[in-house]
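Novice: Output the structure for:
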Amino acid sequence: MATRTQTTVVDVAGVVQGIVLVTIPALSTILTDPAHYGLTSAQYGAMFAPQVVAAIAAALAGAGLARRHGTHAVYLAGLACSLAAMVLLLTSAAAMHQQNLAYPLLLAATAFLGAGFGLAVPALNSLAAAFHPTAVDKAVLILNALLGLGTALAPVFVALFVGLGFWWGLPILSTLLLIALLAVSVRLPMHTGARAAATTAGGRMPARFWLYAAFALLYGICETVNGNWAQLDMTTSVGASATTAALALTAFWTMVTLGRLLFAGVTRWLPARATFHLLPFALAGVFGIIASLPHGHTVQGVIAFGAAGLCCSALLPLTISFGQGELTGFSAAVAGGVIAAYQLGYGIAAFGAGPLVSAGTPLSRLYAIAAFVALAMGLLSFAVAHRQRSPRTLHPAPAPVHAPAQSTT
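Specialist: Numbers count the residues shown, from 1 in each chain. Next up, the predicted model:
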């Protein structure tokens, strides 16, 4: 059984990792402001390409690294990568008026951010499960809620620091939190003992897996249209202030977190399979509302992005739950593959939308396109969850924790 200190460190790490994950997207108005970095929409979008590649690579490699070096080491490596991302972001701030210097630093920062996400978040889920062997579902639920809390806090901190006149306060705060967390985590024993390796049958992944991967890819597009472009849509299309735009992004991530708690709590009355079918169609409707918001309707914009967060909340964890429930011999590969597909969808929306916006496509049109993506996701949900029983928990059990391999020589 884990000590209170160990569980507290894991929970705090979830909040910190959530803040770090959204730090760069939350600064979108600063990054595209001519008075600061002056990035074009295409440059802003392309900036996330290294993040996607690194996150996919780290997510796919994480299980093997954990078997060789232990989950604790993978967790520490993830924190170190996140710290490097924040240091590079701060370094770019010193050269933000020299784009030939600042932009490469931003690209490197997003690459380290992706690697940190791909390593730290799965490791944290595994540690939370191992520290609470008799209440795995509850522990993972709490950790994911805390991770969501961190993503919701980042835009709040941006609004606060921008209002105080130093936007770079958020990356400084993230850096200090990561340094403190690393200092505690390095000295804290988190060796949970070896557990059985995740089951992975030999041979190729079943054809059914690609339905889950396709759904995760579509979901990644829908989530990222909100997470990375909401603030710019609010300021350019709706005419909101930077503070109100940050509030809209906060509303989105807050409702993602609260929605997971809500749908996990109502499974007795609303089966998870029904939730899985209904939410994509509701999201398509919300995207239609966002696309048609008139200029000046800022309050409605904040509410709409909050509703989008609620619609997104349960979809990714349910995708993994259904996949692990059906493809039981490939449980670890399903989790890693779904996360990789989600990151690919993230990349499509993050840097694929940039050229469209730079070519003159209004951001409101982007949300109209996203509505059709959500409709496709809704239709695909019937193929993914075809005749499947609803999972007992909204949050799938993570892959088993691995201790470092012991030498036999």
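
Novice: C-alpha from now on. contacts and neighbour counts both.
Specialist: Fine.

Novice: which parts of the longest helix anywhere in the chain are buried?
Specialist: The longest helix of the chain (DSSP state H) is helix 99-131. For helix 99-131, the neighbour count (16 or more other C-alpha atoms under 10 Å) marks 102-103, 105-131 as buried.

Novice: Equivalent analysis for stretch 308-322, please.
Specialist: So for stretch 308-322, counting by 16+ other C-alpha under 10 Å, buried means 308-322.

Novice: List every C-alpha atom in stretch 234-246, with coordinates, as CSV.
Specialist: The C-alpha trace of stretch 234-246 is given here as CSV (Å, rounded to 0.1, in the frame of the first residue of the first chain):
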residue,chain,number,x,y,z
MET,A,234,-13.5,34.3,-29.6
THR,A,235,-11.2,37.3,-30.3
THR,A,236,-11.5,37.4,-34.1
SER,A,237,-14.9,36.1,-34.9
VAL,A,238,-16.9,37.0,-31.7
GLY,A,239,-14.9,40.1,-30.8
ALA,A,240,-14.2,39.1,-27.2
SER,A,241,-11.3,40.5,-25.1
ALA,A,242,-8.3,38.3,-24.4
THR,A,243,-9.6,37.8,-20.8
THR,A,244,-13.0,36.6,-22.0
ALA,A,245,-11.4,34.4,-24.6
ALA,A,246,-9.3,32.8,-21.8
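
Novice: what does it contact?
Specialist: The contact list for stretch 234-246 (C-alpha atoms under 8 Å, 6 or more residues apart in numbering) reads 26, 29, 155-156, 158-159, 163, 230-232, 248, 293-298, 301-302, 362-364.

Novice: tell me the average confidence for it?
Specialist: Stretch 234-246 shows a mean pLDDT of 90.

Novice: Give me the buried stretch members for that stretch, please.
Specialist: Those would be Met234, Thr235, Ser237, Val238, Gly239, Ala240, Ala242, Thr243, Thr244, Ala245, Ala246, for stretch 234-246 by 16+ other C-alpha under 10 Å.

Novice: Can you list the helices and strands that the strand or helix carrying Val162 packs against?
Specialist: Using DSSP states H and E, Val162 maps to helix 136-164. On a contact count with 3 or more C-alpha pairs under 8 Å, 6 or more residues apart in numbering; DSSP states H and E, helix 136-164 meets helix 4-26, helix 99-131, helix 169-187, helix 242-265.

Novice: Quick one: work out the angle between the longest one and helix 136-164.
Specialist: What that stands for is helix 99-131. Helix 99-131 and helix 136-164 meet at an angle of 150 degrees, taking axes from the mean of the first three to the mean of the last three C-alpha atoms, to 10 degrees as the criterion.

Novice: Kindly report the same for the first one.
Specialist: Going by the same axes, to 10 degrees, helix 4-26 is angled at 50 degrees with respect to helix 136-164.

Novice: what ranges of the stretch 51-200 of the chain fall below the confidence cut-off?
Specialist: Applying pLDDT under 70 to the stretch 51-200 of the chain picks out residues 63, 134-141, 190-200.

Novice: same deal with the stretch 301-409 of the chain?
Specialist: 324, 328-333, 335-336, 387-409.

Novice: can you pull the contacts of Ile348?
Specialist: Ile221.

Novice: Not counting residues beside it along the chain, what's closest to Leu153?
Specialist: In space, and not counting its chain neighbours, Leu153 is closest to Ile19: 6.4 Å by C-alpha to C-alpha, 6 or more residues apart in numbering.

Novice: That neighbour contacts Ser174, correct?
Specialist: Yes - the pair Ile19 / Ser174 is scored as a contact, 7.1 Å apart, by C-alpha atoms under 8 Å.

Novice: These two: which is more packed in?
Specialist: More neighbours surround Ile19 than the other of Ile19 and Ser174, with 27 against 23 (other C-alpha atoms under 10 Å).

Novice: re earlier: got a pLDDT number for the residue nearest to Leu153?
Specialist: In this model, Ile19 carries a pLDDT of 93.

Novice: ok, and for stretch 155-169, which residues are buried?
Specialist: For stretch 155-169, by 16+ other C-alpha under 10 Å, it's Pro155, Val156, Phe157, Val158, Ala159, Leu160, Val162, Trp167, Trp168, Gly169.

Novice: Just the residues contacting that stretch, thanks.
Specialist: 22-23, 26-27, 30, 90, 93, 170, 242-243, 246-247, 249-250.

Novice: Kindly state the domain boundaries assigned to this protein.
Specialist: 1-197, 199-398 (automatic domain parsing).
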